[in-house]
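**Q** Here you go, sequence then predicted model.
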Amino acid sequence: MKRSYKLEGLDCAVCAAKMERAVRKVDGVRGAAVSFLAGRLTVEADDGAFDEVMDKVVHTCRRVEPGCTVVR
C-alpha cells in the first residue's frame with residue numbers, strides 16, 4: 001500500500017532529503033519519498049502493518065525535523 005501525507009513546516013530541500021533517508025530506514029517501510037516543493041511524504045508499506053509503520057515514521061520525522069509535522 002502506498003499513501004501520501006502533507007508535511008507542514010518543512011524548511012528546505014536538504015531537510016527533505018535527510019527526512020527521506022531516515023524514513024527509508026524505518027522497519028516495515030518498503031519505499032519512501034519526500035518532495036520539498038510539494039510538501040508531501042509518500043510511504044509504501046504492507047497493508048496489514050501500515051498504521052503501526054506510520055506511527056514509527058511520524059516519530060522518526062519528529063526526531064529528524066522537530067519543526068515539521070506529518071498531517072495524517
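**A** Received it, and whenever you're ready, just let me know what you need.

**Q** Show me where the protein has its helices.
**A** Assigned helices in the chain, in chain order: 13-24, 50-64 (criterion: DSSP state H).

**Q** The last one: which residues count as buried?
**A** Using 16 or more other CB atoms under 10 Å as the burial criterion, the residues of helix 50-64 that qualify are 50, 53-54, 56-58, 60-61. The way it works is simple: take the backbone N, C-alpha and C, and place the C-beta from them, glycine included.

**Q** Kindly indicate which of those lies nearest Ala16.
**A** Cys61 (10.7 Å; CB to CB).

**Q** Quick check: bridge partners of the spatially closest residue to that closest one that is not a sequence neighbour?
**A** The shortest distance from Cys61 to any residue that is not its chain neighbour, by CB to CB, 6 or more residues apart in numbering, is 5.4 Å, and that residue is Val70. Taking DSSP bridges as the rule, Val70 bridges to Leu7.

**Q** What is the neighbour count of Val70?
**A** 22 (other CB atoms under 10 Å).

**Q** That one is in contact with Ser4, isn't it?
**A** No. Judged on CB atoms under 8 Å, Val70 makes no contact with Ser4 at a distance of 10.6 Å.

**Q** what residues do these two have in common as contacts?
**A** Here Val70 and Ser4 share the contacting residues Leu41, scored by CB atoms under 8 Å, 6 or more residues apart in numbering.

**Q** Give the residue farthest from the middle of the protein.
**A** Residue distances from the centre of the chain (CA atoms, centre = their mean) peak at Gly48, which lies 18.2 Å from the mean C-alpha position.

**Q** That residue and Lys25: what is the separation?
**A** As defined by CB to CB, to the nearest Å, Gly48 lies at a distance of 21 Å from Lys25.

**Q** Spit out the contact partners of the residue nearest the centre of the chain.
**A** What sits nearest the mean C-alpha location of the chain, by CA atoms, centre = their mean, is Leu41, with 4.9 Å. For Leu41, the contacting residues are 4-7, 19, 23, 32-34, 57, 61, 70, by CB under 8 Å, 6+ apart.

**Q** Good, wrapping up.
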